[in-house]
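Student: All I have is the shape, not the residue letters:
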């Protein structure tokens, strides 16, 4: 999946690609709020997301961090409240559906949600998107 398919082109965000290795659309992609604050920073290779993606609140505080492989989420995922406290944490993986020719994105393993003070409000376990156990029931 190319970054242009994920983020609509909008006049609300300015976009800059810091090119690496003399390969077109390869390097770091930055998107900025109209105020100039960084909205998103991601590594791309030939226009496709690969490696870490960081998205920020307008305040500059980290909003979420996830990893991408071949343009799709794969790996640890963390989301943060505006106060910087961890809001959610889990593992995302994708499997390519050869029949419908689409990627299927799943939560896999333990997933947690936290309130503004850092207390756990949800702890569940998934196996390829299927809920296996709710630990707080």
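Tutor: Arrived safely, thanks for sending. Model, not experiment: these values are computed from the prediction.
Student: Following element in sequence after the host helix or strand of residue 79, please.
Tutor: Using DSSP states H and E, residue 79 maps to strand 72-80. With elements assigned by DSSP H and E, the helix or strand that comes after strand 72-80 is strand 86-97.
Student: residue ranges for the helices of the protein, please.
Tutor: In the chain, the helices defined using DSSP state H lie at 3-6.
Student: hang on, the earlier thing: strand partners (parallel or antiparallel) of the strand holding residue 79?
Tutor: strand 62-69 (antiparallel), strand 86-97 (antiparallel) (DSSP bridges).
Student: what comes up buried for the shortest one?
Tutor: If you call a residue buried by 16 or more other CB atoms under 10 Å, then strand 62-69 has these buried ones: 63-64, 66-68. (Each C-beta comes from the backbone N, C-alpha and C, glycine too.)
Student: Can you give me the pLDDT of residue 114?
Tutor: On pLDDT, residue 114 comes in at 97.
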